[in-house]
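K.L.:
can't give you the sequence, but here's the structure:
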Ligand SMILES: NC(=O)C1=CN([C@@H]2O[C@H](COP(=O)(O)OP(=O)(O)OC[C@H]3O[C@@H](n4cnc5c(N)ncnc54)[C@H](OP(=O)(O)O)[C@@H]3O)[C@@H](O)[C@H]2O)C=CC1
Ligand SMILES: O=C(O)C1=N[C@H](C(=O)O)C[C@H](O)C1
């Protein structure tokens with residue numbers, strides 16, 4: 001079988017360049033296209049040269065539709081509005097769409113779910129094996145420990161350029177904790193604390209966000225009891241872990257029926 005042709009959208013971004021390097025080097029896939037927004041200084045450049053590989057013969061375009069028409073899948077770590085638009089084009093082309101973008105509104109989520117009627121979409125706030133395994137462990141711990149005895153708090157730190165909070169990963173871990181407790185995260189999450197907040201409410205799942213420097217992504221889920229504390233953590237040291245996960249997701253989704261899948265499905269952790 002020939003290699004799966006992948007289009008990298010947001011090709012000039014931190015993840016875009018990492019995805020180009022990863023897709024160029026992993027077996028079973030090839031970089032079939034690269035897309036950036038209209039007006040981007042990267043349009044017209046060779047994607048490999050931009051990513052530090054040297055020429056690979058793929059010119060960055062600002063027109064996704066013809067690029068998608070010639071591809072088997074799309075790797076998308078861009079921005080929420082752009083991703084919803086790309087999901088529509090992937091649905092038209094009936095191809096795989098791997099979504100790593102975070103920070104979606106409920107309306108964005110509905111747009112992606114609609115596109116998944118015709119596109120095979122894998123979407124996750126974190127594409128790494130380590131974080132998805134951590135989510136399974138968090139779910140187990142939350143199930144085992146009574147909310148009367150243990151409070152759950154999620155702490156994350158990212159680089160100074162990150163624009164959304166809490167991170168997609170923090171929310172994914174919060175969903176895992178809520179699933180373990182058999183509750184809905186939306187009804188129990190505390191995303192900001194400031195001023196006279198009063199005491200902590202039993203069963204809350206709290207979030208705290210730090211931003212600074214070049215941190216790739218640190219997450220801790222703290223289960224705090226009286227006299228003891230369990231901390232489950234993941235530290236990302238290299239964006240390549242996300243890119244390898246995304247390529248793995250694309251290969252897994254290739255040939256599967258349209259729908260909205262998660263990284264847990266890909267990794268067999270569901
Ligand atoms: N799920 C996961 O495992 C991971 C998810 N992420 C998420 O991925 C996203 C991107 O992160 P990062 O790479 O650090 O961000 P960057 O800002 O470095 O990259 C985003 C890229 O997308 C481009 N872009 C935005 N809109 C469009 C558009 N309409 N058409 C084409 N390109 C567009 C941007 O262009 P311009 O600069 O011109 O706006 C930029 O080049 C974030 O949401 C982040 O949270 C990141 C790492 C891992
Ligand atoms: O913006 C980032 O950089 C990252 N975003 C994802 C998130 O929001 O959790 C994943 C990773 O932590 C890096």
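P.N.:
Ah, there it is. Computed from a predicted model, the values in this text were never measured in an experiment. Ligands and ions are numbered 1, 2, ... in the order given.

K.L.:
tell me where the stretch 51-200 of the chain has strands.
P.N.:
60-61, 73-76, 96-99, 120-123, 151-158, 189-190 (DSSP state E, counting those that start in this stretch).

K.L.:
what does the longest helix seen in the chain rub up against?
P.N.:
The single longest helix within the chain, with elements called by DSSP state H, is helix 129-144. Residues from elsewhere that reach helix 129-144 (CB atoms under 8 Å, 6 or more residues apart in numbering): 124, 126, 152, 169, 172-173, 175-182, 219, 221, 223, 230, 232-234, 236, 241, 245, 263-264, 267, 269. C-beta: built from backbone N, CA, C; applies to glycine.

K.L.:
and it, does that touch ligand 1?
P.N.:
No. Helix 129-144 stays clear of ligand 1 (CB under 6 Å from any ligand atom), getting no nearer than 7.7 Å.

K.L.:
same question for that helix, mean pLDDT?
P.N.:
Here helix 129-144 scores 98 as its mean pLDDT.

K.L.:
quick one: low-confidence parts of the stretch 101-250 of the chain?
P.N.:
In the prediction, the stretch 101-250 of the chain carries no residues with pLDDT under 70.

K.L.:
which of the residues in stretch 21-33 are buried?
P.N.:
21-24, 26, 29-33 (16 or more other CB atoms under 10 Å).

K.L.:
one more: stretch 208-216?
P.N.:
208-209, 215-216.

K.L.:
stretch 55-68 now?
P.N.:
56, 58, 60-61, 64, 67-68.

K.L.:
list the contacts of the nearest residue to residue 138 once chain neighbours are set aside.
P.N.:
Spatially, and ignoring its direct neighbours in sequence, residue 138 is nearest to residue 176 (4.5 Å; CB to CB, 6 or more residues apart in numbering). Taking CB under 8 Å, 6+ apart as the criterion, residue 176 is in contact with 135-136, 138-139, 142.

K.L.:
how about a cut-off of 10 Å?
P.N.:
Residues near residue 176 by CB atoms under 10 Å, 6 or more residues apart in numbering: 131-132, 134-142, 154, 185, 221, 264.

K.L.:
just the closest of the residues you listed to ligand 2, please.
P.N.:
Nearest to ligand 2, judged by CB to the nearest ligand atom, of those is residue 131 at 7.6 Å.

K.L.:
where's that closest one relative to residue 89, distance?
P.N.:
Distance of residue 131 to residue 89, given as CB to CB, to the nearest Å: 28 Å.

K.L.:
now swap in residue 72 and tell me
P.N.:
Taking CB to CB, one finds residue 72 at 14 Å from residue 89.

K.L.:
what touches both of the two?
P.N.:
Contact criterion CB under 10 Å, 6+ apart; residues shared by residue 72 and residue 89: 7, 95.

K.L.:
centre of the chain to the helix or strand hosting residue 249, how far?
P.N.:
Following DSSP states H and E, one finds residue 249 within helix 240-253. Computed by CA atoms, centre = their mean, to the nearest Å, the separation of helix 240-253 from the middle of its chain amounts to 11 Å.

K.L.:
hmm, who's touching the helix or strand following it?
P.N.:
Later in the chain than helix 240-253, the nearest helix or strand by DSSP H and E is strand 259-261. Applying CB under 10 Å, 6+ apart, the contact partners of strand 259-261 are 87, 96-99, 109, 112-124, 249, 252-253, 265, 270.

K.L.:
quick one: is strand 259-261 near ligand 1?
P.N.:
No. Strand 259-261 stays out of contact with ligand 1 when judged by CB under 6 Å from any ligand atom, the minimum separation being 13.8 Å.

K.L.:
what are the buried residues along that strand?
P.N.:
260-261.

K.L.:
partner strands of it, parallel or antiparallel?
P.N.:
strand 120-123 (parallel) (DSSP bridges).

K.L.:
off-centre distance for the strand it pairs with?
P.N.:
In terms of CA atoms, centre = their mean, the centre of strand 120-123 is found 11 Å from the chain centre.
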